[in-house]
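Q: only geometry, no sequence info:
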Ligand code: SAM
Ligand code: GLN
């Protein structure tokens, strides 16, 4: 297995330490076992070789291990389902800080693997959560993750287009919608462009079409002291500001991610944090 580490390090042009992490993840073994005596049997050696070739083609490691870490959760993930991102972990943290009143009813739009809904369930253990997505692959992955953490009572999955399936109000509406502008799709990393579902990332001509349509529906279905929280692209701040002022006339706040980019939009009723990253 030592040889496999050396091979991965060479073929992917990465450090030995990085190669150890990858081979250990692919073989589902702790790293030290890679240095125990004994070699892989032939079928496992062949399977590993195929996975290394797939990595070289740009297939995300998460699709090969079928696992992804999101906050404290180890989630199942499959090709066809969006891989949850670091910035969305921080989104959860900011939602927790900005919510004024514990929400009774929460809606998450575009749940993908279920990552956000699952994280919200530990932030608000008493709330009832509906998670919706239009993609059957996403819903089946989310269902598995919700079951794995015994959250079936708290999180209900509904297939639907944005908010079309709902008529009751929610106290908190959360979404990480598709928001990459069409013009930037071509320059995304290969691992995203060729292997992640386009439905999860393409936000239309300027990246805000989906968000605008969703917000127009969401403001009608939020309780008077409720909050809408949306992850956005940093380039969307000005057009979204114009849109909110002209079409929604609601109170709003943009917040920055850990890399100082405006990445989160809050609408409605939220804690007014006097911090350097609000504007
Ligand atoms: N919430 C997950 C996360 O943060 O990791 C996934 C977010 S992914 C960027 C966007 C999700 O929205 C995808 O799972 C996609 O299938 C879903 N989606 C796309 N169009 C939709 C629509 N019209 N209605 C509901 N969900 C939609
Ligand atoms: N942040 C994601 C990426 O860089 C895009 C996520 C989205 O469209 N919601 O691929």
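A: Nice, thanks for sending it over. Bear in mind that the values here come from a model prediction, so they are computed numbers and not experimental data. Ligands and ions are numbered 1, 2, ... in the order given.

Q: The longest strand along the chain packs against which elements?
A: Determined from DSSP state E, the single longest strand within the chain is strand 222-231. Judged by 3 or more C-beta pairs under 8 Å, 6 or more residues apart in numbering; DSSP states H and E, the packing partners of strand 222-231 are helix 86-98, strand 170-175, helix 209-218, strand 262-268. Backbone N, C-alpha and C define where each C-beta goes, glycine included.

Q: now the helices for this protein?
A: 2-11, 16-27, 42-57, 61-65, 86-98, 115-123, 136-148, 182-185, 190-193, 198-201, 209-218, 237-243 (DSSP state H).

Q: Turn those into a markdown table, columns for mean neighbour count and distance to residue 34.
A: A markdown table is the format used below for the helices of the chain (neighbours: other C-beta atoms under 10 Å; distance: least, C-beta to C-beta, whole Å):
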| stretch | mean neighbour count | distance to residue 34 |
| --- | --- | --- |
| helix 2-11 | 16 | 6 |
| helix 16-27 | 17 | 6 |
| helix 42-57 | 14 | 11 |
| helix 61-65 | 19 | 15 |
| helix 86-98 | 17 | 26 |
| helix 115-123 | 24 | 29 |
| helix 136-148 | 19 | 27 |
| helix 182-185 | 13 | 38 |
| helix 190-193 | 15 | 24 |
| helix 198-201 | 16 | 34 |
| helix 209-218 | 19 | 44 |
| helix 237-243 | 15 | 46 |
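
Q: is the residue nearest to residue 155 when sequence neighbours are not counted in a bridge, and if so with what?
A: Once flanking residues are discounted, residue 155 sits nearest to residue 129: 4.6 Å by C-beta to C-beta, 6 or more residues apart in numbering. Beta-bridge pairing of residue 129 under DSSP bridges involves residue 106, residue 155.

Q: Also residue 266?
A: With beta bridges defined as DSSP bridges, residue 266 has these partners: residue 229, residue 253.

Q: Tally up the residues packed near it, please.
A: Applying other C-beta atoms under 10 Å, we find 21 residues neighbouring residue 266.

Q: sorry, back to before: okay, the angle between the longest strand of the chain and strand 170-175?
A: Angle, strand 222-231 to strand 170-175, by axes from the mean of the first three to the mean of the last three C-alpha atoms, to 10 degrees: 20 degrees.

Q: Strand 222-231 vs ligand 1: in contact?
A: No - Strand 222-231 lies out of reach of ligand 1 by C-beta under 6 Å from any ligand atom, never closer than 7.1 Å.

Q: Adjust the sequence numbering to begin at 9 for everything that follows.
A: Yep, numbering from 9; the last one is strand 230-239 now.

Q: contacting residues around that strand?
A: With C-beta atoms under 8 Å, 6 or more residues apart in numbering as the test, strand 230-239 has contacts from 95-96, 99, 102-103, 106-109, 111, 177-185, 187, 219, 222-223, 226-227, 271-278.
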